[in-house]
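Asks: Fold the following for me, if possible:
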Amino acid sequence: MTPFRQEPENLEMRLDMHASLTRFAMPPAQQHAFTLPWLYSAILGNGRMLACLDATGALAQLFYPHIDVGPHVRTFHLGVRLTPLAPERDAAPERVWWLADASWQHVMTHIDRAAGVRIISTNADAGIRLERALAAHPTEDALIMECAVSTLRDVPVACELIVFAGFDIDHRQSGATCHFASDHSSLVFYGKDRYFALRGQPPVINFATDQVSAWGEDHLFAAVDAGHFNATDFAIGRVSGAVCYDLGMADGRAHHLYLACGRTLEQTHALGAALLARRASVAEAVAWWHERYRNAWLARGSETTRRLFDRSLITLNLLTDRATGGIIAAPEMDPTFQSCGGYGYCWPRDGAFIAHALDTVGQHAHARNFYDWALANQNEKGIWLHRYDVQGRLGPSWGLVQFDETGMVVWALCQHILLTGDLDYARKVWPSLVRACESMQAALDAETGLAPFTVDLWEEIASISAYACACTFGGFQALAQVAEKLGEREAAAHWHSAAEQMRNAIATHLWDVEQQRFLRSRNLLINVQEAESRHRQPDFSPDTIREVEIHGKKRHLLVKDPTLDISILGLSLPFNVFAPDDPRIVATAGQMAERLRGPDGGIKRYEHDNYRGGNPWILTTLWLAWQRLAQGDRAGAQDLYQWVLAHRTRLDLLPEQVDRRTGEPCWVVPLAWSHAMFILVANMLDE
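Replies: Numbering: from 1, shown residues only. Purely as a prediction, here's the structure:
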């Protein structure tokens, strides 16, 4: 996925302006709440709620009642207030030690094989350590938070835990209510049918609610920081609230907090009460995850590989909506589209690729849920459009028809049928598959027999792309194979023939004899300035650029697009237009390895890529590793694979990109497609 607009010329300035948030600002900065994209450290959830954590372990964002509905959180801070019970010469001043403050050191780790985290936060200045464990309850819509405070000094210390939060429910800056429900000892935020209630085991000794000013100033935070709680029961508009719990002595005892989510106030209070009554624990969630993936782990490989494989399965589960089966590309990190077009949507191409990766490791039920979602959202023409929310509503778009998406869904769904052998399901979905392929076949380019003029895989250019052609071939060929299984001989012959015609067209029109590699595309739409620049070149030939009329306006098309692009590998993997060891594929992949590799070993998407500075991507590096492995170059594949392992996050999440300057993961964490590609390559190496 890429933005709907390109980067300006002053790239470094743009990158600085839109540096990602890794933790909430201190004090809360309202202007940053939604205008800077988030770089999440961890995600938790249960398929209905999706909780994203910042680098301190605080709740950076929350989505509910679907994993793409929201975002709801504007700010969320935890703080500790200490009161020494004996005189101490070097005692820290009595104040709130907010966890977002730079005086803390945080160590966060995932709980092994579960969607849970542990955080140890140490503050040498305050002389305390806060240990937390967090997980979403697997069947109830609540975030469980367990915390324990201990002193690092010999003097006994009494401790209070303060939670300060601001919710802009459904990304709205008004229309919310913050209410302290004294009969439930709960701090509640709600708007329309979204309710969030924070309830704890420790006794509440103070609370406050207030409205944020029209200028975005949150005066309540300053008051709470100074120890002043207004004890106001209600605030409406754009609201904030705080609650102070008495933890007693800082002696390491565990305390439980629950953030319950619901569609009515009564339901939410009842859930919070039930969780508190039985002391629902993080251990419950951990046990559920262990049972869920009891037999799904990788058999071989290093500890790092197995851990990342486990985390990939869990991550893809968290990014799948339990009610609908839709798979989002990533947790939304830029809801105002300030730096990109947003990622919290279901792309049919991404989802199909992810579902196929799940199928290859036996997660057929998970994959089936996505395919059912896709079939429910196929339009009347038989195709899939750009992107949707998990409920199947069309998302914001900068290119509604992207031809490769339909071919990708057909191919992956057919692979699912072939891998599971479920012919009953095949008969059920057969009409939808045929309708999709008939629509694709009717739209093929009349001149070449290739896929039609369309937006490319990266959603940046318009042309007849090699990748769209590969997806089309894959769809036709896979449908023919399913037809054979169903005894549909005439249909099988038809679609085998259609696939062979596409293969021949690709070989004829996309193989460049002069450069000895496949072209990225033909008939690439270029602007007037580029066309004029090419006309001025000494070796310009008139047959390299065509002038055509599109929507009544004169446009320029570059007949041969020679740009090296990793997506050309779609001709080999996964669609097998040509075998991975075909000399033409090997030659193309060899030039990619040479010209797309960055100084640190990662692979860019294509030559002269400038999105977010032109960084190497995880999925592109794995794509080339997959190709290397399939063509018999295991050493070359391992080299690329190890680069990916070295550039995961500290919590074993895979980003979209790795910063070309620092080598650090950057820009969208976690990306579902990155994890799916890892599963494919890790499983292939394991075999």
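Asks: ranges for the helices of the stretch 351-500 of the chain?
Replies: If DSSP state H, counting those that start in this stretch is used as the criterion, the helices of the stretch 351-500 of the chain fall at 364-376, 403-420, 423-442, 466-485, 489-509.
Asks: out of those, which comes closest to L187?
Replies: Each of the helices of the stretch 351-500 of the chain has some distance to L187 by C-beta to C-beta; the shortest is helix 364-376, at 35.0 Å. In short, each C-beta sits where N, CA and C put it, glycine included.
Asks: Q61 is in what secondary structure piece?
Replies: Using DSSP states H and E, the secondary-structure element containing Q61 is strand 59-63.
Asks: Name every strand pairing with that strand and say which way it goes.
Replies: Note on strand 59-63: by DSSP bridges, its sheet partners are strand 50-53 (antiparallel).
Asks: Please save the CA atoms from the partner strand in PDB.
Replies: What follows is strand 50-53, C-alpha atoms only, in PDB (Å, rounded to 0.1, in the frame of the first residue of the first chain):
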ATOM      1  CA  LEU A  50      -7.900  -4.500  18.800                       C
ATOM      2  CA  ALA A  51      -5.600  -2.800  21.300                       C
ATOM      3  CA  CYS A  52      -2.400  -1.200  20.200                       C
ATOM      4  CA  LEU A  53       0.400  -0.400  22.700                       C
END
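Asks: residues making contact with that strand?
Replies: With contacts defined as C-beta atoms under 8 Å, 6 or more residues apart in numbering, strand 50-53 is touched by 38, 40-45, 59-64, 67-68, 108, 117, 134, 136, 143, 318-319, 331.
Asks: Next step: those restricted to strands.
Replies: Counted as lying in strands by DSSP state E, out of the contacts of strand 50-53, are 42-45, 59-63, 108, 117, 134, 136, 143.
Asks: Would you point out the most distant pair within these?
Replies: Within the ones in strands among the contacts of strand 50-53, F63 and M108 form the most distant pair, 20.4 Å apart (C-beta to C-beta).
Asks: who's more crowded, the two?
Replies: Ranked by neighbour count (other C-beta atoms under 10 Å), F63 and M108 place F63 first, with 26 against 20.
Asks: N576: how many residues sit nearby?
Replies: For N576, the tally of surrounding residues (other C-beta under 10 Å) stands at 19.
Asks: The one 10 residues further on too?
Replies: Look at V586: counted by other C-beta under 10 Å, it has 18 neighbours.
Asks: Correct me if wrong: it contacts D633.
Replies: No - applying C-beta atoms under 8 Å as the test, V586 and D633 come out as separate, 9.0 Å apart.
Asks: follow-up on the earlier one: quick one: contacts of the strand holding Q61?
Replies: Applying C-beta under 8 Å, 6+ apart, the set of residues contacting strand 59-63 is 21, 23-24, 38, 40-41, 49-54, 69-73, 76, 143, 165, 196, 259, 261, 331-333, 344.
Asks: low-scoring stretches of the protein, by residue?
Replies: Applying pLDDT under 70 to the chain flags the ranges 1-19, 29-35, 86-93.
Asks: what about 50?
Replies: Counting by pLDDT under 50, the chain contains low-confidence residues at 3-18.
Asks: What's the PyMOL syntax to select whichever of the ones in strands among the contacts of strand 50-53 are buried?
Replies: Buried residues among the ones in strands among the contacts of strand 50-53 (16 or more other C-beta atoms under 10 Å), as a PyMOL selection:
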select buried, resi 42+43+44+45+59+60+61+62+63+108+117+134+136+143
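Asks: I'd like the ones in strands among the contacts of strand 50-53 laid out as JSON lines, including distance to A443.
Replies: Shown next, in JSON lines, are the ones in strands among the contacts of strand 50-53 (distance: C-beta to C-beta, whole Å):
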{"residue": "A42", "distance to A443": "43"}
{"residue": "I43", "distance to A443": "38"}
{"residue": "L44", "distance to A443": "43"}
{"residue": "G45", "distance to A443": "38"}
{"residue": "L59", "distance to A443": "46"}
{"residue": "A60", "distance to A443": "43"}
{"residue": "Q61", "distance to A443": "39"}
{"residue": "L62", "distance to A443": "41"}
{"residue": "F63", "distance to A443": "36"}
{"residue": "M108", "distance to A443": "49"}
{"residue": "V117", "distance to A443": "47"}
{"residue": "L134", "distance to A443": "49"}
{"residue": "A136", "distance to A443": "43"}
{"residue": "L143", "distance to A443": "47"}
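Asks: my guess is Y258 contacts P202, does it?
Replies: No - with contacts counted by C-beta under 8 Å, Y258 stays clear of P202, the gap being 12.0 Å.
Asks: Between those two, which has more neighbouring residues?
Replies: When Y258 and P202 are compared for neighbours, Y258 comes out ahead with 24 against 19, by other C-beta under 10 Å.
Asks: contacting residues for V163?
Replies: Applying C-beta under 8 Å, 6+ apart, the residues near V163 are F76, H77, L78, G79, L187, L198, A242, V243, Y245, L257.
Asks: of these, closest to S541?
Replies: F76 (60.9 Å).
Asks: Could you check how far that closest one is from G227?
Replies: Noted for F76: a distance of 20 Å to G227, by C-beta to C-beta, to the nearest Å.
Asks: More neighbours: which of the two?
Replies: Ranked by neighbour count (other C-beta under 10 Å), F76 and G227 place F76 first, with 23 against 14.
Asks: Look up which residues are beta-bridged to that one.
Replies: Applying DSSP bridges to F76, the residues it is bridged with are A165.
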